[in-house]
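*Asks:* Sequence and predicted model, in that order:
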Amino acid sequence: MPIGTHGDGTAAARDDRAAAGLRAENWGWRHAGRSSWALRGLDLVIEPGERVLLLGASGAGKSTLMHAFAGVLGGADEGEEEGELLVAGRRPEETRGRVGLVLQDPDSQIVLARVGDDVAFGCENLGVPRDEIWPRVGEALAEVGLDLALDRPTSALSGGQKQRVALAGVIAMRPDVVLLDEPTANLDPAGVVEVRDAVAGVVRASNATFVVIEHRVDVWIDVVDRVIVLEPGGGVLADGDPATVLRERGAELAAGGVWVPGADPLGGRPARGQTVSERAGTHLLLLEAAALAVERVPGTVVADDIDVGIRAGAATAVTGPNGAGKSTLALTLAGLIPRAGGTLMATPELSGAESAGGAPTRPRLLRLGTRRHDVTPGADPARWASRALLTRIGTVFQDPEHQFVSGTVRGELEVSLKALRLAPEEIAARVAEVSGRLRLEQLLDANPYTLSGGEKRRLSVASALVARPRILVLDEPTFGQDSRTWAELVRLLGEQLDRGTAVVAVTHDRAFIEALAGQVLEVGAP
Amino acid sequence: MSILTPVRGTARIYTVNPVAKLAAALLLSGFLIVTIDWVSAAVALVLESLLFAKAGLDGRAFFRRTAAIWIAAPLAGLTTLLYGVQDGRTYLELWLIHISDGSIVLAIATVLRILAIGLPAVVLFATIDPTDLADGLAQVWHLPSRFVLGALAGLRLISLFLDDWRQLELARRARGLGDTGRVRRFAGQAFALLVLSLRRGSKLATAMEARGFGGSTPRTWARESVFGSREWLLVAIGASIGAVSLGASIATGAVRFVVG
């Protein structure tokens, strides 16, 4: 396959790429089946070539606006539109291909199996002649800083690389406008920097108009020259150069969930109420791993030689590079997958078994279709019944959608309580308590899938906490969260720790570790 | 490991257009399904086995890929042997079971035929890269690009669904739902996967649309799908093996047409 050259022809081709302006005039959109408008009465002008950071609280309609400008919001059956939206003076549907859009989820943006083919996909759709496509592909990959073989399988890429491939696919189309909808929300800190640098490089080399949505101002502040803050419901709350907007509106933005540089989401208060000496007595050992080896696929050990003790009232942060087996370790500690080697022992304090250390209780009956799990929990959490896990070890998955099992938020919170066969009054009381604490009481009848990212995260934590487990295991709980949800989460976990719950969190988040973690377990360190 | 992981190899067969492989396999089996005698199947199998060495698979890969056929063929043969048409001398009779001259001949013919049709098909398909196949279907056979590329992109999601399924299973255990009967759990999990897959599918559709897919501009193809002399040669080989086999069985009078 031919590889693009980056000679002088490139710059010449670049010059006839004109930036386009974006304009919204009293624009509004209501999704089909919703009673309230996602956005309404929006007036906004973005001049050709501007680099804009678009901020706004969760649910302010930022994504809707981006999809609309990209012409992918759908027709009348998808929702109701009012007012006018223009790209370079024309309706967005007529300018498809001139507006490039990069979305949040890396997995849903890669279309084809090989890197080169995926980058070429947009050009093909625009009818670019074949001999022009491959130079563009090579050039776009170089621009986002990816030095990959064109036939490299896209399935083998990291999240950050996938996002850069998606960006290259957009750049190769030579768009007049590039829109980025939370491009780093699903990435670890290294991936965030990787994608930001790629975007910064592209912005420097191009004169296209750029708009990015993101909670993290510090990541993008040096790349953009204008900040627009949307008001929930439609208006513009603030608009101007980044320094001025942050100076004048910083506190307001921080309160609304934007990560404003220098602002402490916790407001200077410690996440935990108790001091170290007050907690001293609560450090009972609950779970102990010695020379533990973990595997996801039987026979493929991803991490081994792990020694760790999980103690009541103490937080353990599991860190390490991508692919080091952190999530697998978390799932193993949580009793969800069997260990590959070494020992993992629940103490009698956790299992509640009277004779610990003895032979594990064998399953007493073997019914067809029933898993062979111990009825009385022994020392190995992987052999516990699913119901026995609930009050002992709760798990919050990285993707909240994986753990939704019910059609309503209320149902989601009741599931484990019903499995525990609690009395209806007790169930109602616990649901009321946890939904109040996590600001979910207004959403009890909503479908979990329709919630915002922050709401989904709160629900996934609430549905584990409602069963009152002694240990709470969380996988990247703060990925992509706005500062308000972040602070709520940290305070909530701090309270749980004060009550004597043990917390194990797979995380890359420095601030999270500093606020909570008593011990840091590094997996896969060289 | 993804279902779409590019298929690579150094043998020449890897670079032959997948559409030609598809055509060759179809033509060959077209000749072999009109008759059910043992002569045509045996001739085809002999001719094919001369070519398996060129198929781009080493011995181990060959038997691993074709394992299902090696298991299925004798089983089908055994069934035919026990329950096949009664003809000539009967050797064993037990309730519904009759082993006779007729069922023995038919059993042998069945085993040979399954091998003669199945082996080349699997071997040819083993070296097909799905992306190249999509290119061929759209450019050589001119199937609608929306359909072909939609299917190709959807195929990529299958490996994501496998990961989703594993996560859903663990999540159900974590949420206290892992103790119920297997059937109920499976049904609930399948529904959850359906919801997830619809969401993934619609996100992918949006991403494709955002890159100009489905627009009114005629699409170009970054990879040219060539159908040249090598492709015609492969098609001709497939057709001639079929024709020679059928000819041999007609010439020896062994032919037994399925219809008529």
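*Replies:* Looks like it came in fine.

*Asks:* Look up the closest residue to B:Arg256, ignoring the ones flanking it.
*Replies:* B:Asp37 (4.7 Å; C-beta to C-beta, 6 or more residues apart in numbering or on different chains). Just so you know, the C-beta spots here come from the backbone N, C-alpha and C atoms, and that holds for glycine as well.

*Asks:* I meant to write B:Thr206 there.
*Replies:* B:Thr206 sits nearest to A:Val72 (C-beta to C-beta, 6+ apart), 5.2 Å away.

*Asks:* show me the contacts for the one you found.
*Replies:* A:101, B:206, B:209-210 (C-beta atoms under 8 Å, 6 or more residues apart in numbering or on different chains).

*Asks:* pretty sure it is in a strand, no?
*Replies:* No. Counting by DSSP: H, G, I helix; E, B strand; the rest coil, A:Val72 is not part of a strand but coil.

*Asks:* need the helices for the stretch 101-250 of chain B, in chain order.
*Replies:* Secondary structure of the stretch 101-250 of chain B by DSSP state H, counting those that start in this stretch: the helices cover B:101-126, B:130-139, B:145-174, B:182-210, B:229-251.

*Asks:* Revised request: answer the last question for the stretch 51-200 of chain A.
*Replies:* Going by DSSP H, counting those that start in this stretch, the stretch 51-200 of chain A shows helices at A:62-70, A:115-125, A:130-143, A:159-172, A:189-205.

*Asks:* counting contacts, what elements does the second one pack onto?
*Replies:* Okay, so that is helix A:115-125. helix A:130-143, helix A:159-172 (3 or more C-beta pairs under 8 Å, 6 or more residues apart in numbering or on different chains; DSSP states H and E).

*Asks:* try it again with 10 Å
*Replies:* Secondary-structure packing of helix A:115-125 (3 or more C-beta pairs under 10 Å, 6 or more residues apart in numbering or on different chains; DSSP states H and E): helix A:130-143, helix A:159-172, helix B:130-139, helix B:145-174, helix B:182-210.

*Asks:* orientation of the longest one relative to helix B:130-139 in degrees?
*Replies:* Computed by axes from the mean of the first three to the mean of the last three C-alpha atoms, to 10 degrees, the angle separating helix B:145-174 from helix B:130-139 equals 150 degrees.

*Asks:* Just the buried residues of helix B:145-174, please?
*Replies:* B:145, B:148-150, B:152-153, B:155-157, B:159-161, B:164-165, B:167-174 (16 or more other C-beta atoms under 10 Å in any protein chain shown).

*Asks:* and it, average pLDDT?
*Replies:* Averaged across helix B:145-174, pLDDT comes to 89.

*Asks:* elements contacting that helix?
*Replies:* helix A:115-125, helix A:326-333, helix A:386-390, strand A:393-396, helix A:453-465, helix B:130-139, helix B:182-210.

*Asks:* mind redoing it with 6 Å?
*Replies:* helix B:130-139, helix B:182-210 (3 or more C-beta pairs under 6 Å, 6 or more residues apart in numbering or on different chains; DSSP states H and E).

*Asks:* Where does the prediction get shaky in the stretch 1-150 of chain B?
*Replies:* Counting by pLDDT under 70, the stretch 1-150 of chain B contains low-confidence ranges at B:1-8.

*Asks:* hang on, the earlier thing: just say which of the helices and strands packed on helix B:145-174 is most tucked in.
*Replies:* helix B:130-139 (a mean of 22; mean count of other C-beta atoms under 10 Å in any protein chain shown).

*Asks:* ok, and what's touching that helix?
*Replies:* A:113, B:4, B:17-19, B:143, B:145, B:148, B:152, B:221, B:223, B:225 (C-beta atoms under 6 Å, 6 or more residues apart in numbering or on different chains).

*Asks:* how long is stretch A:222-231 end to end?
*Replies:* 23 Å (C-alpha to C-alpha, to the nearest Å).

*Asks:* ok, and for that stretch, which residues are buried?
*Replies:* In stretch A:222-231, counting by 16+ other C-beta under 10 Å, buried: A:223-224, A:226-231.

*Asks:* Tell me which of the residues you listed fall in strands.
*Replies:* Counted as lying in strands by DSSP state E, out of those, are A:226-230.

*Asks:* Spatially nearest residue to residue 88 (excluding sequence neighbours)?
*Replies:* Looking at chain A here, since you left the chain open. A:Ala20 (3.5 Å).

*Asks:* Let me rephrase: I mean chain B.
*Replies:* B:Asp101 is the one closest to B:Gly88 (C-beta to C-beta, 6+ apart), at 2.8 Å.

*Asks:* Over to B:Leu92?
*Replies:* With C-beta to C-beta, 6+ apart, the residue lying closest to B:Leu92 is B:Ile99, at 4.3 Å.

*Asks:* next one: phi and psi at that neighbour?
*Replies:* In this entry, B:Ile99 is assigned phi and psi values of phi -110, psi 120 (degrees, to the nearest 10).

*Asks:* Run a quick neighbour tally on A:Ile221.
*Replies:* 15 (other C-beta atoms under 10 Å in any protein chain shown).

*Asks:* what about the closest residue to it other than its chain neighbours, neighbour count?
*Replies:* Among residues not flanking A:Ile221 along the chain, A:Pro242 sits closest, at 5.3 Å (C-beta to C-beta, 6+ apart). For A:Pro242, the count of nearby residues is 20 (other C-beta under 10 Å).

*Asks:* doesn't A:Val227 make contact with A:Pro242?
*Replies:* Yes. Counting by C-beta atoms under 6 Å, A:Val227 is a contact partner of A:Pro242 at 4.9 Å.

*Asks:* Common neighbours of these two, please.
*Replies:* Residues touching both A:Pro242 and A:Val227 (C-beta under 6 Å, 6+ apart): there are none.

*Asks:* How about the contacts made by the closest residue to B:Val85 other than its chain neighbours?
*Replies:* On the basis of C-beta to C-beta, 6+ apart, the spatially nearest residue to B:Val85 that is not a chain neighbour turns out to be B:Gly102, at 4.9 Å. Counting by C-beta under 6 Å, 6+ apart, B:Gly102 touches B:85-88.
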